[in-house]
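In: Provided below are the primary sequence and the corresponding predicted coordinates.
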Amino acid sequence: MIENNWHPCSHSENDCCRLCCTKIENFNVTFGNTQIFHDVNLHIHCGELTAIIGPNGAGKSTLLKAILGEVKHTGVLNYFDAKGVHSGHPLIGYVPQYLNFDLSTPTSVLDLFTAYLTNIPCWLTSSKRIRDQVCQILVKVKAEHLIDRRLGALSGGELQRILLALSLEPIPDLLLLDEPVSGIDQNGLELFYDIVSDLRANHDLSIILISHDLNLVAKYADRVVLLNGTVICNGSPEEVFNDVRTRNVFGMLVQHTMQGKVQPDKEGSSC
């Protein structure tokens, strides 16, 4: 199993991740007598957003949990630096699909970050230094205006940006996004992914995204992996969306257009 290091300290704004490649070899996960996925082999590179698509039950979220070390797996998971040297344990940021909490809680965004950044209960401290630090973190996700907002008063998109900000303190080597914009309106959805794209470019981040939205995948992903119990195909959005095996899974052949849209192929077209 992989032991991951979780965000012990802060990085500067200009820091980039230390890793070049995440290499997954012969990954397998079985629950009881049920095989979730098998023989998964992937290379995830820094500076790239790799989107994992596939039907429900394909093993997408389980793959992220296996990378996090939350579920037992067999196979090899290694991390390498730019020189191909094994780099040990990475810092991993993770944004879940949703966060379950009492919507009536009086806890604010500032309270949440204060508890995360210090060992002092949030109700016992309220220093300007901490507030300024939290504000700087929130600027990264265009959410500094939400610093005093109650968590229960946040919209779905706002809450996901707060969770993204938490995952970025400090800047991780690998960022995992598990359907992070499920149920969010179009404006919030595009804002979230614009922020992620900026972070990827500014910090050379290695990002794995799970998404059912093929239009968004076409617009933002560098590489796409079609997973359905195993890796069916992977490559550029153009390659995967025009692969006949994608049609077999989704019931249509998708095309990655120059505008970054995915559209059903016209009848009679060939792969």
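Out: Great, that's in hand. Numbers count the residues shown, from 1 in each chain.
In: Identify the residues contacting the residue most central in space within the chain.
Out: Centre of the chain computed as the mean C-alpha position; nearest residue by C-alpha atoms, centre = their mean is Leu177, 1.8 Å away. Leu177 is in contact with 95, 196, 207-210, counting by C-beta atoms under 8 Å, 6 or more residues apart in numbering. C-beta: built from backbone N, CA, C; applies to glycine.
In: how close does it sit to Val95?
Out: Remark: distance between Leu177 and Val95 (C-beta to C-beta, to the nearest Å) = 5 Å.
In: Gly152 too?
Out: In terms of C-beta to C-beta, Gly152 sits 19 Å off from Val95.
In: again with Glu48
Out: For Glu48 relative to Val95 (C-beta to C-beta), the value is 17 Å.
In: out of these two, which sits in the more crowded spot?
Out: Val95 (24 against 17; other C-beta atoms under 10 Å).
In: was I right about that one contacting Arg161?
Out: No - at 9.4 Å, Val95 and Arg161 do not qualify as touching, with contact defined as C-beta atoms under 8 Å.
In: and Gly47, that's in a helix?
Out: No - read with DSSP: H, G, I helix; E, B strand; the rest coil, Gly47 is coil and lies in no helix.
In: what pLDDT does the closest residue to it other than its chain neighbours get?
Out: The spatial neighbour of Gly47 that comes closest, neighbours along the chain excluded (C-beta to C-beta, 6 or more residues apart in numbering), is Asp204 at 4.6 Å. pLDDT recorded at Asp204 is 86.
In: Ramachandran angles for Asp204?
Out: The phi/psi pair for Asp204 (degrees, to the nearest 10) reads phi 60, psi 40.
In: could you point out the longest helix in this protein?
Out: Counting residues, the longest helix found in the chain (DSSP state H) is helix 186-203.
In: which residues touch the nearest residue to Ser182 once chain neighbours are set aside?
Out: Leaving out its chain neighbours, the residue that sits closest to Ser182 by C-beta to C-beta, 6+ apart is Gln97, at 5.3 Å. By C-beta under 8 Å, 6+ apart, Gln97 lies in contact with 61, 178-180, 182.
In: Mind checking which of those land in helices?
Out: Short answer: the contacts of Gln97 in helices (DSSP H) are Ser61.
In: Is there a neighbour count for Asp198? I'd like the number.
Out: 13.
In: just His203 next, same as before
Out: His203 has 22 nearby residues by other C-beta under 10 Å.
In: Distance check, it against Pro237.
Out: From His203 to Pro237 the distance is 22 Å (C-beta to C-beta).
In: I'd like to know how many residues surround Gly84.
Out: Gly84 has 9 nearby residues by other C-beta under 10 Å.
In: Please read the previous query as pertaining to Phe241.
Out: Neighbours around Phe241, by other C-beta under 10 Å: 26.
In: correct me, but it touches Ala221?
Out: No - counting by C-beta under 8 Å, Phe241 stays clear of Ala221, with 10.2 Å between them.
In: got the buried residues for the helix or strand containing Asn215?
Out: Asn215 is part of helix 214-220 when elements are defined by DSSP states H and E. Neighbour counts over helix 214-220 (16 or more other C-beta atoms under 10 Å) mark 214, 216-220 as buried.
In: Any stretches of this protein with poor pLDDT?
Out: By pLDDT under 70, the low-scoring segments of the chain are 1-20, 82, 122-126, 252-271.
In: How is it divided into domains?
Out: 16-91+172-250, 100-169 (the TED database).
In: most packed of the ones you listed?
Out: Compared across the domains of the chain, domain 16-91+172-250 shows the largest average neighbour count, a mean of 18 (mean count of other C-beta atoms under 10 Å).
In: check contacts around the nearest residue to Tyr116 once chain neighbours are set aside.
Out: Counting by C-beta to C-beta, 6+ apart, Tyr116 lies nearest to Leu166, which is 6.4 Å off, once chain neighbours are set aside. By C-beta under 8 Å, 6+ apart, the residues touching Leu166 are 112-113, 116.
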